[in-house]
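[1] A predicted structure for the sequence below; I have some questions about it.
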Amino acid sequence: MKALTFQGPRTVHVSDLPAPTLPDSDSVLIEVTASGICGSDLHTFDGHAFVSDTGFSLGHEAVGRIIESGSNVRSVKVGDRVLIPGSAGCNRCQECAGGWAMRCTGEGPGVYGIGVGLDGLQAQFAAVRNADRNVVAIPEGISDDAAVLLTDNLPTGWCSARQADVRPGAVVVVVGLGPVGLCAVMSAVAMGASRVLAIDPLADRRQAAEKYGAEGVYNDDVVAAVRELTRGRNADCVIEAVGHNATIETSIQLAAVGGTVAIAGVPVSMAIEFPLMHVFAAQIAVKSALCSVQRELPVLLPLVEHGRLIPEEMVSHHFSLSEGQAAYDTFAQRKPGTQKVVFDNFD
């Protein structure tokens, strides 16, 4: 089968890999019909891979149709249109039973396409183990584009808004307006925030956030700008959707006394100089928003199905898998108008 593989910093290839076979009776085989590039894929693309190896398949966002199913699988069947959450659990431990795949205490959580454990999903076919919790049927009214966003970006944005304690009337700041940040904007608006202030150096991203109900903010000193816009109070809830040390530190500075900061961006560094005295004195709660997609989907699927959230509007580019290098270059260069990149042709 054809799959996109990592060949070194800034280089991906379309490679011929062995097609997967059904691993066991709890698994399914899926013909992939669409997959997405996530901002965290760019960490690997830029050379910050979790492993030193090359040649592994990429991607953790995919939708498709089941072409073979193990005899023990009950939640889906051959022919069903499904999405694959970006991370997988064992389907047997207490945490997985509650939807917390990223807290799995059985086999441990697995993430697709990072060079360790699970093969990538930017491919023609995929095998998914423990399918009863690790694939989810897609309601008829949800498009492939929307479903790709539901595999990771929208659940992560929604999860981060919950982690940040977004509630009716809250003032929210979202730092970083890539796909996860824009999904966090959508989520905060849907949760009833009175204001959502959106921060990103790129004007087109701020404009996109404004389309989803936010107020774009840009100033050489964003801390001062937010303080002025909130009459000195700062934000009740801050969502950091980048993962860089500087944006994490800035996000903490944007929180009001008693506020909450949720870090949704995958950290690039292993450590950060943490402003502990400021956090302590201002009584700020700092949380990580590592998302278990399975936990969020029961709420999000009906919201998308009935048009309360419209994540497919975020998809700005479609590519064939054979155009993998151009697709990654387009997303990495962040040219104006680039929001979400989806592969939807696997010839």
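    Okay, I see it.
[2] Distance of the nearest residue to residue 293 once chain neighbours are set aside relative to residue 299?
    Spatial nearest neighbour of residue 293, excluding adjacent residues (C-beta to C-beta, 6 or more residues apart in numbering): residue 85 at 3.6 Å. To be clear about C-beta, it is placed using only N, CA and C from the backbone, and glycine gets the same treatment. Separation of residue 85 from residue 299 (C-beta to C-beta, to the nearest Å): 14 Å.
[3] out of these two, which sits in the more crowded spot?
    residue 85 (29 against 11; other C-beta atoms under 10 Å).
[4] Identify the residues contacting the residue nearest to residue 293.
    Taking C-beta atoms under 8 Å, 6 or more residues apart in numbering as the criterion, residue 85 is in contact with 101, 134, 135, 136, 151, 152, 155, 292, 293, 294, 297.
[5] What ranges does the stretch 201-347 of the chain have for its helices?
    Under the criterion DSSP state H, counting those that start in this stretch, the stretch 201-347 of the chain contains helices at 203-211, 222-229, 245-253, 276-282, 293-305, 324-333.
[6] To residue 266, which of those helices lies closest?
    Closest approach to residue 266 among those (C-beta to C-beta): helix 245-253, 11.6 Å.
[7] Can I get that closest one in PDB? Just the C-alpha atoms.
    Taking C-alpha atoms only, helix 245-253 is exported to PDB below (Å, rounded to 0.1, in the frame of the first residue of the first chain):
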ATOM      1  CA  ASN A 245       8.000  27.900  26.200                       C
ATOM      2  CA  ALA A 246       7.400  31.500  25.300                       C
ATOM      3  CA  THR A 247       3.700  31.100  24.600                       C
ATOM      4  CA  ILE A 248       3.200  29.000  27.800                       C
ATOM      5  CA  GLU A 249       4.900  31.800  29.800                       C
ATOM      6  CA  THR A 250       2.800  34.400  28.100                       C
ATOM      7  CA  SER A 251      -0.400  32.500  28.700                       C
ATOM      8  CA  ILE A 252       0.300  32.400  32.400                       C
ATOM      9  CA  GLN A 253       0.700  36.200  32.400                       C
END
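[8] by contact count, what packs against it?
    In terms of contacts (3 or more C-beta pairs under 8 Å, 6 or more residues apart in numbering; DSSP states H and E), helix 245-253 is packed against strand 171-175, helix 222-229, strand 235-240, strand 255-263, helix 276-282.
[9] quick one: the third one to helix 222-229, angle?
    This points to strand 235-240. Put simply, strand 235-240 runs at 150 degrees to helix 222-229, going by axes from the mean of the first three to the mean of the last three C-alpha atoms, to 10 degrees.
[10] Contacts only, for residue 148.
    Contacts of residue 148 by C-beta under 8 Å, 6+ apart are 34, 35, 36, 61, 62, 63, 83, 315, 340, 342.
[11] If the closest residue to the second one other than its chain neighbours is in a bridge, with which residues?
    With C-beta to C-beta, 6+ apart as the criterion, residue 35 has its nearest non-adjacent residue at 4.1 Å, and that residue is residue 62. For residue 62, the beta-bridge partners are residue 35, residue 84 (DSSP bridges).
[12] and residue 62, how many neighbours?
    Residue 62, neighbours per other C-beta under 10 Å, totals 30.
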